[in-house]
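**Q** Compute the structure for the input listed below.
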Amino acid sequence: MGLYNFKDRFVGPILSGDKTHTIRAIRAHPDKPGDTLHLYTGLRTKKAKLLLRVPCVKIEDIEIRHRVEEFANPDTGYLEHVEWDVIKIDDQELYADEREQFARRDGFRNFAEMMKFWTTPKNRLPFHGNVIHWRRQ
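**A** Below you'll find the model as predicted:
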């Protein structure tokens, strides 16, 4: 039985159907496709509210991290570096447009907003866990 708590900011996207998955740390007893997921807000408080009961349709591995690569610029001879954020789903790195779509399905306006969530106020990267997908009935 998957019991998931969500911050207030995700309630609207969950109820509207825009948020179709959640990113979580690997659990000792992970959910699997076919399990019923119980989506709540305010768990462990007097204001706990059930949002939805939905079937789990897919579980994927996810890695989120910041990548920095250095290289010698052949034109200038100087050492330069390039930085970007990486998301891998089942070991496949997402392209920029796929990252944007993924972020929207996770309840964010865009990928930049999603990465801000993961890095402020505390940087939680690198992260390795699961994407738990559901389908509204």
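**Q** immediately after the one helix or strand Leu15 maps to, which helix or strand?
**A** Using DSSP states H and E, Leu15 sits in helix 11-16. Counting by DSSP H and E, the next helix or strand C-terminal to helix 11-16 is strand 21-24.
**Q** List the strands paired with that next one, with their directions.
**A** Take DSSP bridges as the rule and strand 21-24 pairs in its sheet with strand 127-134 (antiparallel).
**Q** re the thing from before, return the distance of the helix holding Leu15 from the chain's centre.
**A** The chain centre lies 15 Å from the centre of helix 11-16; the measure is C-alpha atoms, centre = their mean, to the nearest Å.
**Q** ok, residues contacting it?
**A** Helix 11-16 has contacts (C-beta atoms under 8 Å, 6 or more residues apart in numbering) with 6, 18-19, 39, 41, 51-52, 107. Yep, even glycine has a C-beta here, placed from its N, CA and C like the rest.
**Q** Looking at those residues, which one is closest to Thr120?
**A** Nearest to Thr120 out of these is Gly107 (C-beta to C-beta; 16.7 Å).
**Q** for the residue nearest the centre of the chain, what are its contacts?
**A** The centroid of the chain falls nearest to Ile23 when counting by C-alpha atoms, centre = their mean (3.9 Å). By C-beta under 8 Å, 6+ apart, Ile23 lies in contact with 62, 64, 106, 127, 129-132.
**Q** What subset of those residues is buried?
**A** Among the contacts of Ile23, those scoring as buried are 62, 64, 106, 129-132 (criterion: 16 or more other C-beta atoms under 10 Å).
**Q** I'd like those residues written out as TSV, with distance to Thr76 and pLDDT added.
**A** Shown next, in TSV, are the buried ones among the contacts of Ile23 (distance: C-beta to C-beta, whole Å; pLDDT from 0 to 100):
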residue	distance to Thr76	pLDDT
Ile62	37	98
Ile64	32	96
Asp106	39	97
Gly129	40	98
Asn130	43	98
Val131	41	98
Ile132	47	98
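**Q** how about TSV for the residues you listed, with distance to Ala112 added?
**A** Shown next, in TSV, are the buried ones among the contacts of Ile23 (distance: C-beta to C-beta, whole Å):
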residue	distance to Ala112
Ile62	18
Ile64	14
Asp106	13
Gly129	21
Asn130	23
Val131	19
Ile132	23
